[in-house]
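Q: what follows is a predicted structure for the sequence shown.
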Amino acid sequence: MSGYTKWSRAELIRRLEELEADAGAVGGAAPAAGGPLREDTDQRLRAILETAVEGIITIDEHGLIESMNPAAERIFGYSLEELLGENVSVLMPAPYREEHDTYLANYLRTGQKRIIGIGRLVQGRRRDGTIFPLDLSVSEVRLRERRLFTGFVRDASDRFAAQEQLSALARALEERNKELEAIVYVASHDLRSPLVNIQGFSKELSVACARLQAKLPAGLVRDPEAREVLDQEIPEALEYIQAGVSRIDALLSGFLRYSRLGRAALNLQTLDMNAMLQQLLHSMEFQIQESGAAVELGAVPDCVGDAVQINQVFSNILDNGLKYLDPRRPGRLAISGRVEQGQAIFAIRDNGVGIAPAHQARIFEIFHRLNPSLGQGEGLGLTIAQRILERQNGRIWVESVPGGGSTFYVSLPAAGRSKISL
Amino acid sequence: MNATREVVVLVADDDDGHARLIEKNLVRAGLHNPVLRFNNGQAVLDFLFLRGPGPHRAHSKAYLLLLDIRMPQVDGVEVLRQIKQDPELKKLPVLMLTTTDDPREVERCHAIGCSSYIVKPVDYEKFAESIKSLGLYISLVEVPEIDRNPGAIAGA
């Protein structure tokens, strides 16, 4: 047992008496002084203080330490005997150490609270001089003739270290991401350069071949093998080369567009989504008519986002919807929206071929294509939509029944005052 | 100024193939102007600023520059900057020829003062089309004569 216990017991009894007397003075039903009840309260209070995980320190109006529980001793590495009657500023590093007396005096004079009644993260100083982060909350106890202040302290080093580690990790991740985007950009850019040559010169070869054919009419080249080379083999080889180049070019353009997304400046503003979607459907009219689908636009809420990029998101989703309609039934697409907990949620429902559960997560992967035989796509539409929404506090997800259709959901922060409430 | 004077087309492109394709397509577009090729940015700067042992521009001739952006050592943007900073050379029409349509790069080149910006598409037809319209541009543009008296830069 340390001297602390003995001292604190006496102190506690004295304080308890004061508190009881105070309670009596304001007219409460004061328990009888002394007796078994008070002894019990005394023991319980002491046990609570001694076993508390939080450090508890009390100081008087001059900042002098009156008591300290074992947890506080552990946190600061001092024993109470060393600190009893010392200024509490010894537990603080500069410059707080020098300023504490002024704070306290100011409070006593003006009543202006800087920390009393609130908690905050401060710095503590241990006996060995190390400085560490500390959660501190201070309460004030008013007694009859004086007042004292109780500080509850908790060592925040571990939490702080974890936080530091986490933010260092986040910074590293962000840097890696930027690096990757730069690599993607440079690589796609530099790869296009030789591609210009492959495409250009294979086309030059086609032209040269056509000229040869014109110069050597059927009658002149009798050798059937030479004829076959000239008429079939060379043009066929060139065709495959050119088709391959076009495909690579489409992929590289996709990479370039994707890597640019991360660097594009955002212009976040309130978007009139009814107007935007109407306009978008208008611009897609040809495509919609070609697909034979009926598209229905319900009332949708306004949201906050970058107009150009959000337009792109909906364009990509609708484009997919039209592309993956089920040829066995008339196509139907419906757009609706609602506001839920500050988020505008848009639903784009189709009655198309649907997506098997195993594929539902993969559709957002770069260059993943559900059915490469359908049309021209690069397998980028949903990847780009997801990337755009990530940067604007939005989200995209899908619910789908294979053979029944899919519903794509997009959430974005709702506009301050929404026109629609469902 | 004599607007009918023959314009020498300067092509600065580090890629031999691209340069050859440009030449072929200029001819196909009906342009038979002399073409002078440079395979890096420094070489074309030396030519224009009359530096180094290589060929230098002649004061009696009119020029037009097709400038690739991505070149080793001195890139196209830097070449453009130096040209546009020179009180005499800044009259030279410069057409940027590049493989990227990165909006930021396009904007940067226009801000420095390029006359036009043409993307080299991989699509050969588009490329030929670009070069053709370029040919039209070259035949229509009134190419200014660069200073007759380059005293300020002589001896550099």
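A: Yes, it's here. Numbering: from 1, shown residues only, chains lettered A, B, ... in the order given.

Q: who's in contact with the longest helix along chain B?
A: The longest helix of chain B (DSSP state H) is helix B:124-140. Outside of helix B:124-140, the residues within contact range by Cβ atoms under 8 Å, 6 or more residues apart in numbering or on different chains are A:196, A:199-200, A:203, B:7, B:9, B:21-22, B:25-26, B:28-31, B:33, B:64, B:66, B:95, B:116, B:118-121. Glycine gets a C-beta too; all of them are placed from N, C-alpha and C.

Q: just the buried residues of those residues.
A: Neighbour-count burial (16 or more other Cβ atoms under 10 Å in any protein chain shown) applied to these gives A:196, A:199-200, A:203, B:7, B:9, B:21-22, B:25-26, B:29, B:31, B:33, B:64, B:66, B:95, B:116, B:118-121.

Q: just the ones in helices from these, please.
A: A:196, A:199-200, A:203, B:21-22, B:25-26.

Q: wait, A:Q213 sits on A:I234?
A: No: applying Cβ atoms under 8 Å, one finds A:Q213 not in contact with A:I234, separated by 9.6 Å.

Q: tell me the domain ranges of chain A?
A: Using automatic domain parsing, the domain ranges for chain A come out as A:3-155, A:161-261, A:268-413.

Q: avg pLDDT for the second one?
A: Averaging pLDDT along domain A:161-261 yields 85.

Q: for the last one, same thing?
A: Within the predicted structure, the mean pLDDT of domain A:268-413 is 89.

Q: now it: how far from the chain's centre is it?
A: Relative to its parent chain, domain A:268-413 has a centroid offset of 23 Å by Cα atoms, centre = their mean, to the nearest Å.

Q: can you report phi and psi for the nearest residue to A:G405 once chain neighbours are set aside?
A: Distances taken as Cβ to Cβ, 6 or more residues apart in numbering or on different chains put A:N351 closest to A:G405, at 4.1 Å, once the chain neighbours are dropped. Here is the backbone geometry of A:N351 (degrees, to the nearest 10): phi -110, psi 40.

Q: sorry, back to before: can you tell me which of the ones in helices among the buried ones among the contacts of helix B:124-140 lies nearest to A:C209?
A: Nearest to A:C209, judged by Cβ to Cβ, of those is A:K203 at 10.4 Å.

Q: just say which of the domains of chain A is most tucked in.
A: Ranked by mean neighbour count under mean count of other Cβ atoms under 10 Å in any protein chain shown, those are led by domain A:268-413, which reaches a mean of 17.

Q: and the ones in helices among the buried ones among the contacts of helix B:124-140, which two are furthest apart?
A: A:Q199 and B:L26 (18.0 Å).

Q: nearest spatial neighbour of the closest residue to chain B within the stretch 151-300 of chain A, chain-adjacent residues omitted?
A: Going by Cβ to the nearest Cβ, chain B is nearest to A:N197 of the stretch 151-300 of chain A, at 3.6 Å. Nearest residue to A:N197 in three dimensions, chain neighbours excluded: B:G17, at 3.6 Å (Cβ to Cβ, 6+ apart).

Q: count of residues packed around the one you found?
A: B:G17: 16 surrounding residues under other Cβ atoms under 10 Å in any protein chain shown.

Q: which residues are in contact with it?
A: A:194, A:196-197, A:200-201.

Q: can you read off the pLDDT for the residue nearest to the spatial centre of chain B?
A: Chain B has B:L65 as the residue nearest its centroid, 1.4 Å off, counting by Cα atoms, centre = their mean. pLDDT for B:L65: 91.

Q: which ones are touching it?
A: Neighbours of B:L65 in contact, by Cβ under 8 Å, 6+ apart: B:10, B:12, B:44, B:83, B:92-95.

Q: list the beta-bridge partners for it.
A: The residues listed as beta-bridge partners of B:L65 by DSSP bridges are B:L10, B:V94.

Q: and it, how close does it get to B:V77?
A: From B:L65 across to B:V77, the span is 13 Å (Cβ to Cβ, to the nearest Å).

Q: follow-up on the earlier one: tell me the spacing between the residue nearest to the centre of chain B and B:L36.
A: Between B:L65 and B:L36 the computed distance is 10 Å (Cβ to Cβ).

Q: repeat for A:E179
A: 40 Å.

Q: what's the answer for A:L238, then?
A: Per Cβ to Cβ, A:L238 is found 32 Å from B:L36.

Q: go on, A:S157?
A: Taking Cβ to Cβ, one finds A:S157 at 70 Å from B:L36.

Q: so these two - more neighbours on which side?
A: Shown here are A:S157 and B:L36; by other Cβ under 10 Å, B:L36 has more neighbours (16 against 13).
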